[in-house]
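**Student:** Sequence first, then the predicted structure, then my questions.
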Amino acid sequence: MDVYENIVVGAGPTGVATTAALLSQGRRVLVLDAGRDLEPEIKGQVERLRDKSPTEWQPSDLRFLKDRLRATASGFDLKLSYGSDFCYRWDDARTDFVSLQRPPISPSFAVGGLSRAWGAGALPFSVADLEGWPIAYGDLASLFPAVKKLIPYAATSDDLTKLHPLSGDLASPLQLSEPARRFLSDATTNPRVASAGITVGSSRLAVESGPCVYCGLCLYGCPYGLIWNATDTLGRLTAAYRSLLEYRSGWIVDSVREVAEQVELTCHHRDMAGQRTFRAARVFLAAGVIQSTKIMLRSLGRYDEPVILRDSQYFVFPFLRWKGTAVLKESVHTLAQLFLELRDPYVCAKPVLLSIYSYNDQMLKVIQEAIPFLGPGAAPVARALAGRLLVFGGYLHSDYSSTLRLVLERDGDGRDRLVLSHEINPLAAAIAQRAVRALARLWRPLRGVPVLPMLRVKDPGTAYHFGGSFPMTSRPLRNFESDRLGRPRGFSRVFLTDASNFPTIPASTITFNAMANAYRIALASTRGNPV
């Protein structure tokens, strides 16, 4: 049996960051990945769109993108990728999965993971975000430039830079819509806003901004492939390191076991065509929090013991501006336009992050459905409101959020079952309401008001900002803890490099920071495993 130097499990954002760090040190890497991909027929439809300019698209050309995506006043129940749910399909034939969330949560078996359907937010952690972590802020921040070499990074220096550093390579920021430009101007020119603990700036996005044509399809999937996903980086790494990197698709890891100076991985093929054992000097689990946790629970034999996942709970509400704009006539992008950070101890002891969105075509449908009593008059009223409306999506620190509970069970027939449930923390809803009221008190400088009755606090996990099943500690003494390199207690050659090792889940965006932490761990593993 071949013994590999390093095996990385998973090819999502943290998987490619782990792989890139190892390759940068001249290490050999085998990537094992479940590898589900977008359906070929949908790929073909996307390529046909890509071959045309937006002015040449017909409504029928876009039907495959738009027909299945459905927004409500609470946002999207499921963010699709080009109209497909391929990156959410459960593929582990040896384990049943039950999600008791509403809407249900599912881990990803897709090549690229959930980056195939994400919102591209990439805001680095601030110093405050790492309070209570067993690593220094500089240990993570020093790797931000390395991550920016793996992704396009559209950003500009503004007020947010005081809290969240900008360093490394930057792409030019995406153009703001007129409603976003006006809100940003109002928020940054009135001293009352800053004195209330509010900092606003342009969003930081993992997007190749230069070629963007502002077709407004970002939420469905960019036809031109400008929104980064991990397959972009995997492809570049494969081309650049042909002699060092091997990628094998279709393999799902069941368990890991340290034997002498090696790690043994028991795996099965996604189509159940076979099973095999791989061996390596070091193994890095970056399969996503749910899958990596499942692997560790099975490896430890910890059945029927609940593991707590920490969540950055999500809430959403509309913000109505006094004056509208002709946003329906603009060519715009539909990702987050702005980030707003609220640091007010009377609202929450930890920062609250709000992503601000302006017009998209789903918003118009939601408004019309909210005013059916107007009959034929609903359409013009909806258009008028769309020019005045911003949508705020908020995130809370995990210390003030509800939690998820993951249990691995063994059924009578010998199969395993993974059950995901949650426990509501009523404090989350109270803090969300305080945040909305804090904005409402600034109605004059912000030239508008949040619509408090339409505040929706989502179930934990629904924004996929969760982790911490094996939190890092300086000295892991209990089960379900890991050291500063993400090694679960009792292991020396197995490293968790996705968000399952996060001690807390700050309100800032998670993917960029998880990639930096994965890069940090992988680098340290090549340097004598300092602890």
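**Tutor:** Everything's here; your move. Numbers count the residues shown, from 1 in each chain.
**Student:** how about the helices of this structure, start to end?
**Tutor:** 13-24, 40-50, 63-66, 137-141, 144-148, 178-189, 191-195, 230-240, 289-300, 361-370, 378-386, 426-440, 443-446, 511-525 (DSSP state H).
**Student:** Which of the ones you listed sits closest to residue 392?
**Tutor:** Closest approach to residue 392 among those is made by helix 426-440 (8.0 Å; C-beta to C-beta). Where you see a C-beta, it was placed from the backbone N, CA and C, and this is true even at glycine.
**Student:** Beta-bridge partners for residue 81, please?
**Tutor:** Counting by DSSP bridges, residue 81 forms beta bridges with residue 84.
**Student:** Now do the strands in the stretch 201-350 of the chain.
**Tutor:** Assigned by DSSP state E, counting those that start in this stretch, the strands in the stretch 201-350 of the chain fall at 245-249, 251-259, 262-269, 275-285, 307-311, 314-321, 338-342.
**Student:** end-to-end on stretch 208-223?
**Tutor:** Terminal residues of stretch 208-223 lie 13 Å apart, using C-alpha to C-alpha, to the nearest Å.
**Student:** Flag every buried residue along it.
**Tutor:** Across stretch 208-223, burial judged by 16 or more other C-beta atoms under 10 Å covers 208, 209, 212, 215, 216, 217, 218, 219, 220, 221, 222, 223.
**Student:** what are the phi and psi angles of the second one?
**Tutor:** Backbone torsions for residue 209, taken as degrees, to the nearest 10, come to phi -80, psi -30.
**Student:** circling back: need the strands of the stretch 201-350 of the chain in a markdown table (columns: mean neighbour count and mean pLDDT).
**Tutor:** A markdown table is the format used below for those (neighbours: other C-beta atoms under 10 Å; pLDDT from 0 to 100):
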| stretch | mean neighbour count | mean pLDDT |
| --- | --- | --- |
| strand 245-249 | 17 | 97 |
| strand 251-259 | 19 | 96 |
| strand 262-269 | 20 | 95 |
| strand 275-285 | 20 | 96 |
| strand 307-311 | 23 | 98 |
| strand 314-321 | 22 | 95 |
| strand 338-342 | 23 | 98 |
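**Student:** got any ranges where the chain has weak pLDDT?
**Tutor:** Within the chain, the segments meeting pLDDT under 70 span 1, 73-74, 273, 373-374, 412, 414, 528-531.
**Student:** Return the residues in contact with the residue lying closest to residue 404 once chain neighbours are set aside.
**Tutor:** What sits nearest to residue 404 in space, not counting adjacent residues and going by C-beta to C-beta, 6 or more residues apart in numbering, is residue 309, at 3.9 Å. Going by C-beta atoms under 8 Å, 6 or more residues apart in numbering, residue 309 touches 289, 293, 403, 404, 405, 406, 461, 466, 467, 468, 469.
**Student:** Kindly supply the ChimeraX command isolating those of the residues you listed that are buried.
**Tutor:** Remark: buried members of these, expressed as a ChimeraX selection using 16+ other C-beta under 10 Å:
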select :289,293,403,404,406,461,466,467,468,469
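**Student:** So which of the contacts of residue 309 are in strands?
**Tutor:** Members of the contacts of residue 309 lying in strands (criterion: DSSP state E): 403, 404, 405, 406, 466, 467.
**Student:** Could you work out the most separated pair of these?
**Tutor:** 405 and 467 (13.9 Å).
**Student:** need the buried residues of stretch 208-223 in JSON lines with distance to residue 448, can you?
**Tutor:** Listed next are the buried residues of stretch 208-223 as JSON lines, based on distance: C-beta to C-beta, whole Å:
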{"residue": "208", "distance to residue 448": "32"}
{"residue": "209", "distance to residue 448": "27"}
{"residue": "212", "distance to residue 448": "27"}
{"residue": "215", "distance to residue 448": "27"}
{"residue": "216", "distance to residue 448": "23"}
{"residue": "217", "distance to residue 448": "27"}
{"residue": "218", "distance to residue 448": "24"}
{"residue": "219", "distance to residue 448": "23"}
{"residue": "220", "distance to residue 448": "28"}
{"residue": "221", "distance to residue 448": "31"}
{"residue": "222", "distance to residue 448": "30"}
{"residue": "223", "distance to residue 448": "33"}
